[in-house]
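[1] Just a sequence and a predicted model for now, questions to come.
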Amino acid sequence: MPRILVYPHLSPRLVLVQDPDTQLTMQELVDLANDWEGIPANGAYPHLLRADGKVDLGGGVYTGITVTGLNTVFGFDQRPTVISTGTCTTANADGARLYDSAGSFQTDGVEPGAWVLNEDDLSVGTVLSVEGEDWLTMLPLGGGTDNQWEIGDSYRIWNVVQVEFIQGNLGALDSDGDPIGPVFPTALTQVARTASASATLQELEAIQFASFQNAVWVDVDNGGVGTDYPMGTREYPVDNMSDAKEIADSRGFATFCLLGDLALGAGDVFSGYTFEGENTLRTTLTVDGAADVQNCEFRDVRVTGVLNGDSVCHGCLISTLVYVSGEIYRCAIEGTLTLGGLSQANLFDCWSNVPGTATPIINMGGSGRSLGVRNYNGGLKLINKDGADDVILDVNSGNIILDSTVTAGTIVVRGVGTLTDNSIGATVVSTGLISPDSVADAVMEEQTSEHTTPGSVGRLLGTLEKAVTGVVYIDVDNGVSGTGEGVGTRSNPVDNIADAFTIATALGARSFWIRGDLTLDRTVTDWRFEGVSSRGASLALANYDVGGCFFKGLALSGNGGGGDIHASKCSLGALSNITGEFVECGLTSTLTPADGERTTLIKCFSDVLASSPPIIDLTAQTGDNLQVRVYSGDLELRNADNAGQQLTVGVAGGRLVLHSSCTAGDLILTGMGELDDSSDGLAIDKRGFLGLGTDIPAGYEYMADILFKAFVAALNAGA
């Protein structure tokens, strides 16, 4: 509840709403005045105000509250907080522009309407717009000795706070009972107040608006004439579209709800509206070619006639219809749909509404129109196509018939169903169509040359599993040795890396799935190694080059032979002589990148609980070779000793330790965390870094904690 401060000894008396509240309803003002008067020490004073109104008219309708101050005026506490200070750095003779090369107007939150004081000549101006951090435009200075900005002039800026009394009317009488202004102005506030003649009328208008249910209702047979309320509501529909359109335009509606049938003809212009019926059995919409229904939407109606441009039909029954262009969603098709215009028509989730052997027809209209049909059910016949325009028919179930009048273009038929192709000259692609004939052909035409190796069907399926998935499965503790049929599958993994490579090479596979601890035994390029988890699978690189390989869900360690890799969700132990990209990896020991290529860590973290942090050792690095983005937890950098190094580290909490061996190069440090800097000669750019601990000025610890939490939340959200 807001607070008020009363000055009862003034005349008129003054009631001020206290900072930081900027809004007060008439009901709250009445309640606060009653609370003040209820204090025993204030009992000797006359009533502060009188309240009238809020009479219950029934049906949830009330008259508005009118508050009248009895020798009392009302205001909001002054807001004298200076939000920006500085010194003018560029002179301006007309006093209409303030420049400060070290300014921070946008960061400080300077707003249009703010007051600006030139402290040197005591002139005052008003901000018109904030053009940047370092300058703003304003109404010319006035009231000073020279009313201009000179280099070295000091300034102060205050925002004017918008405050308001709402939900009712506010007035005041003086001690003689004569009307006076009810608002008392205070420094740096701007008061708005309710001055409605009748809250009751406003609430009734809202009730009227709601009674339309966001649409104008039309009933040609049983409606009435006129545009005055309640005409056009569900209870009082209009019987003609002229009145319906006038009501819709005046109240901001774009939907007509149709009770019964409707016909549109010459002179009917309804571009951009929605026509919604009761259902496809009770509402038929007939559109003559002379009517303008471009960019219209039709819902739950049986539609017939001509739709002349970018129309959308949803949940409709499509009868005989000339359809220029647009989209048809979840509609039943029962007649002939003739395409027109020069753009694509689309049918989504539609079906035939014709039982038996008859079928709906789409007339392509010759040439110039493409067609996309997705997830169609039932029969559909295509006729009259002689252009090169493409057609695609995705069938969920049913029969597609291509008439002999289909003579050009490419027609793709896919899904499940049958195809009757009587087309002449068109290119028909049906390889993606599953039908009884296509299934029989696929089985009967299988080549027996693929099955010459003796063995069971199960062994054959094992071979197929590895070939299809392209993955060889390794389980060091539970697998088997060998390279025979079925070995290396998920159900029968191999137990050693040598056999795994033999199996993979024979199948043309390039991926391993690993459970247990493995040691690499050869140089590999462009292979994929994926573990069950970084706690359940490990891979020692053993001085072999692994350039171009991808690692996921593994504990990695050893010398990588200078390879450039990609690792995701791995645990990085003592890992050296390797470069590449590491995403969401945990560091447990020392990472020593190879020279020459860039090493990037994205959303990585410390995976140790000990006081000694993981280490990135930059020994012998010569260039822009390390980027760390959104790192959390502790991290230590060592041996940054080359003047050509360009290092980037972004932290999201934790502690960054710069070892005394960091003696050269440039480090850009961003984010938020604790910096332990023992470097000697490393140039550090910390403009984007908020340091915690000793870097926080006294008194700002709570603010830093809030900013830190907000920063981490933004990073986790992908900001």
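    Received the coordinates, thanks.
[2] State the distance from residue 494 to residue 554.
    Using Cβ to Cβ, to the nearest Å, residue 494 is found at 17 Å from residue 554. Any C-beta I mention is one placed from the backbone N, CA and C, and that applies to glycine too.
[3] again but with residue 186, I slipped
    Distance of residue 186 to residue 554, given as Cβ to Cβ: 67 Å.
[4] Neighbours of residue 17, how many?
    Close neighbours of residue 17, defined as other Cβ atoms under 10 Å, add up to 25.
[5] shaky segments in the protein?
    Scanning the chain for pLDDT under 70 picks out the ranges 1, 54-63, 193-206, 437-469, 620, 623-624, 693-719.
[6] Of residue 186 and residue 554, which one has the most company?
    Per other Cβ under 10 Å, whichever of residue 186 and residue 554 has more neighbours is residue 554, with 25 against 19.
[7] and the residue nearest to the more buried one when sequence neighbours are not counted, how many residues sit next to it?
    Closest residue to residue 554 apart from its sequence neighbours, by Cβ to Cβ, 6 or more residues apart in numbering: residue 531 at 3.9 Å. Residue 531 has 26 neighbours, counted by other Cβ under 10 Å.
[8] so what's residue 531 bridging to?
    Assessed by DSSP bridges, residue 531 has beta-bridge partners residue 514.
[9] Tell me who's in contact with it.
    513-515, 537-539, 552-555 (Cβ atoms under 8 Å, 6 or more residues apart in numbering).
[10] mind redoing it with 6 Å?
    Applying Cβ atoms under 6 Å, 6 or more residues apart in numbering to residue 531 gives the contacts 514, 537, 553-554.
[11] and of the residues you listed, the nearest to residue 280?
    Checking those against residue 280 with Cβ to Cβ, the nearest one is residue 553 at 54.0 Å.
[12] Excluding residues flanking it in the chain, which one is nearest the closest one?
    residue 531 (4.1 Å).
[13] and that neighbour, how far is that from residue 476?
    Look at residue 531 and residue 476: by Cβ to Cβ, they are 11 Å apart.
[14] what does residue 354 give?
    63 Å.
[15] what's the answer for residue 5, then?
    Distance, residue 5 to residue 476, by Cβ to Cβ: 78 Å.
[16] swap in residue 610?
    Distance from residue 610 to residue 476, counting by Cβ to Cβ: 28 Å.
[17] Those two: who's more crowded?
    With neighbours defined as other Cβ under 10 Å, residue 610 and residue 476 compare such that residue 476 has more, 17 against 9.
[18] doesn't residue 519 make contact with that one?
    No: at 10.2 Å, residue 476 and residue 519 do not qualify as touching, with contact defined as Cβ atoms under 6 Å.
[19] now, which of the contacts of residue 531 lie within strands?
    If you go by DSSP state E, the contacts of residue 531 have 514, 537 in strands.
[20] Among the contacts of residue 531, which pair sits farthest apart?
    For these, the farthest-apart pair by Cβ to Cβ is 514 and 553; their separation is 8.5 Å.
[21] Compare neighbour counts for those two and give me the winner.
    Just comparing residue 514 and residue 553: by other Cβ under 10 Å the higher neighbour count belongs to residue 514, 25 against 20.
[22] Pull the contacting residues for the more buried one.
    Applying Cβ under 6 Å, 6+ apart, we find residue 514 in contact with 474, 531, 537.
[23] Nearest to residue 111 among these?
    Nearest to residue 111 among these, counting by Cβ to Cβ, is residue 531 at 55.7 Å.
[24] Let me know the distance separating that closest one from residue 511.
    12 Å.
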